[in-house]
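Q: predicted model and sequence follow; I will ask about them next.
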Amino acid sequence: MPQTPSIDPDEVAKFSAMAAEWWDPKGKFRPLHKFNPVRLGFIRDTLVEHFGLDGTQRKPLKGLRILDIGCGGGLVSEPMARLGASVTGVDASEANIKTALTHAREAGLDIDYRCGTAEGLIEGGEEPFDAVLNLEVVEHVADPGQFLRDTASLVRPGGMTITATLNRTPKAFALAIVGAEYVMRWLPPGTHEFAKFLRPEEVSGPLEAAGLVADAPQGVSFNPLSDQWKLSSDTKVNYMIVARRPE
Ligand SMILES: C[S@@+](CC[C@H](N)C(=O)[O-])C[C@H]1O[C@@H](n2cnc3c(N)ncnc32)[C@H](O)[C@@H]1O
Ligand SMILES: [Mg+2]
């Protein structure tokens, strides 16, 4: 594990211990698999609109350079590559990167996976990206403000970033921790720490401090009747924020 400021070693160890399960839709990452179609649709549509791409093409993201920071096993990196993007997937856990590499190789996808961090990319003089995806990571890092400013600085002028996380509200405590971890057992107890959840302004603030302009948050909600996630106006539990760097 690289020793740099954004890493909380206990958090990264927790994900490393589950590394073999990333691609098991019934395993410990079941919630992310269930959640994936709605966030992928939102990401695709947002990128197509922002960059003025042709959404009817089979590979509409062709030509875009995307960073998936905290990519885990590659649940988002792979679909982005299939849509034509040139994807760099970075994760602090070596075990996750191994899982991601093996899975992409078996799928015949060429993804630039690296074990590392946002601050490591900056120190290494990485060229800024068209888009940076920061999905379900900021609630697991040591210093969220610095991490958000770092991810923002990896966005090129005219580019954008999408951040997804959990809100720090009583409803999120009830659903994402008590419900998902202790009642439904969708996630291993201890996966999330309530104090590390972020209010939308705690995400947009650091992004804007780093020169981006943030949209209003987009809520994502689970409907127990249909057993599905959908975009919603309710940002009290899961939400995503799009932020753009002016030209
Ligand atoms: C909940 S998972 C999300 C994975 C992926 N983004 C997804 O949504 O499918 C959080 C990931 O963040 C990684 N991580 C934690 N701290 C990190 C850091 N400082 N830099 C990069 N990755 C980190 C963990 O190893 C883990 O794979
Ligand atoms: Mg999480």
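A: Sure, I can see it. Ligands and ions are numbered 1, 2, ... in the order given.

Q: ends of stretch 87-102, how far apart?
A: Separation of the first and last residues of stretch 87-102 by CA to CA, to the nearest Å is 16 Å.

Q: quick one: mean pLDDT for it?
A: Stretch 87-102 comes out with an average pLDDT of 97.

Q: stretch 111-131 too?
A: Per-residue scores along stretch 111-131 average to 98.

Q: try stretch 222-240
A: 92.

Q: buried stuff in it?
A: Across stretch 222-240, burial judged by 16 or more other CB atoms under 10 Å covers 222, 229, 232, 235, 236, 237, 238, 239, 240. Using the backbone N, CA and C atoms, a C-beta is placed for each residue, glycine as well.

Q: show only the entries of these found in strands.
A: 222, 229, 232, 238, 239, 240 (DSSP state E).

Q: list the contacts of the second one.
A: What that stands for is residue 229. 34, 35, 37, 38, 220, 221, 222, 223, 238 (CB atoms under 8 Å, 6 or more residues apart in numbering).

Q: other SSEs contacting the longest helix along the chain?
A: Looking across the chain with DSSP state H, the single longest helix is helix 30-50. Helices and strands touching helix 30-50, as assessed by 3 or more CB pairs under 8 Å, 6 or more residues apart in numbering; DSSP states H and E, comprise helix 77-82, strand 129-135, strand 155-166, strand 218-223, strand 228-232, strand 238-244.

Q: tell me how far the helix or strand that that helix is followed by lies from the chain's centre.
A: Helices and strands here follow DSSP states H and E; after helix 30-50, the next one along the chain is strand 65-69. Put simply, strand 65-69 sits 10 Å off its chain's centre (CA atoms, centre = their mean, to the nearest Å).

Q: and stretch 124-140, by the same measure?
A: Per CA atoms, centre = their mean, the centroid offset for stretch 124-140 relative to its chain is 8 Å.

Q: one more: stretch 27-40?
A: 12 Å.

Q: list the buried ones in it?
A: Buried residues in stretch 27-40 (16+ other CB under 10 Å): 28, 29, 30, 31, 32, 35, 36, 38, 39.

Q: the closest residue in space to residue 146 that isn't next to it in sequence: what's it in contact with?
A: Using CB to CB, 6 or more residues apart in numbering and skipping residues adjacent in sequence, the residue nearest residue 146 is residue 5, 6.3 Å away. Residue 5 makes contact with 119, 142, 143, 146, according to CB under 8 Å, 6+ apart.
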